[in-house]
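Participant: Sequence and predicted structure, then a few things I'm wondering about:
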Amino acid sequence: MSIKFSISTVAIAALLTLTHGMAAHAEAYKTSKGQVVVTGLTAKQKYPIKGTNAKNKPVTRKDIAANGCGEALVDGAGKYKTLMVGTETIDPATLAIREHAKCKSKKTAVAPKKKSTTATTTMPATTPSIAPSVVPSVAPVPK
């Protein structure tokens, strides 16, 4: 029974990640500069940003792409009453304030570009044939 439960749990988490584009363990915090950082997202994927301001008026912003570490940084979001990043609803007032460390995503190994192995040879310009009888002979220089 525990194996079936584990497999179904993994399947549900994968389904949530694929259908919503967000990991099941998304976490959010606020920076001292008023940014809201949402972690645990799919790297390089765009997420719609919506929310309500202090007067409960809806606010829609330009979509934000998560960085290579799977983090979305929303500038000025600390002023919102509610914030939606993708399907995550966040109350910025309840978020802990932390310093944000710059993303250092691991780049996938890419084979370096190889130089062409085809050798190119420059051929000298062809000179007209000179008959052997016309070529002067060179005698050794006496010492």
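Facilitator: Yep, it's here.
Participant: pLDDT below threshold where in the protein?
Facilitator: Scanning the chain for pLDDT under 70 picks out 1-25, 105-143.
Participant: so where do the strands sit in it?
Facilitator: 22-30, 36-41, 46-52, 58-65, 72-74, 82-85, 88-90 (DSSP state E).
Participant: neighbouring strands for the fifth one, and are they parallel or not?
Facilitator: In other words, strand 72-74. Partners of strand 72-74 in the sheet, by DSSP bridges, are strand 36-41 (antiparallel).
Participant: Output the strand it pairs with in CSV with nothing but the alpha carbons.
Facilitator: Backbone C-alpha positions of strand 36-41 (Å, rounded to 0.1, in the frame of the first residue of the first chain) are rendered in CSV as follows:
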residue,chain,number,x,y,z
VAL,A,36,8.3,39.6,-3.6
VAL,A,37,10.4,36.5,-4.5
VAL,A,38,8.6,33.3,-5.4
THR,A,39,10.8,30.3,-5.5
GLY,A,40,10.3,26.7,-6.7
LEU,A,41,9.0,27.7,-10.1
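Participant: got the angle between that strand and strand 46-52?
Facilitator: 140 degrees (axes from the mean of the first three to the mean of the last three Cα atoms, to 10 degrees).
Participant: buried residues in strand 36-41?
Facilitator: V36, V37, V38, T39, G40, L41 (16 or more other Cβ atoms under 10 Å). All C-beta atoms are positioned from the backbone trio N, CA, C, and that covers glycine.
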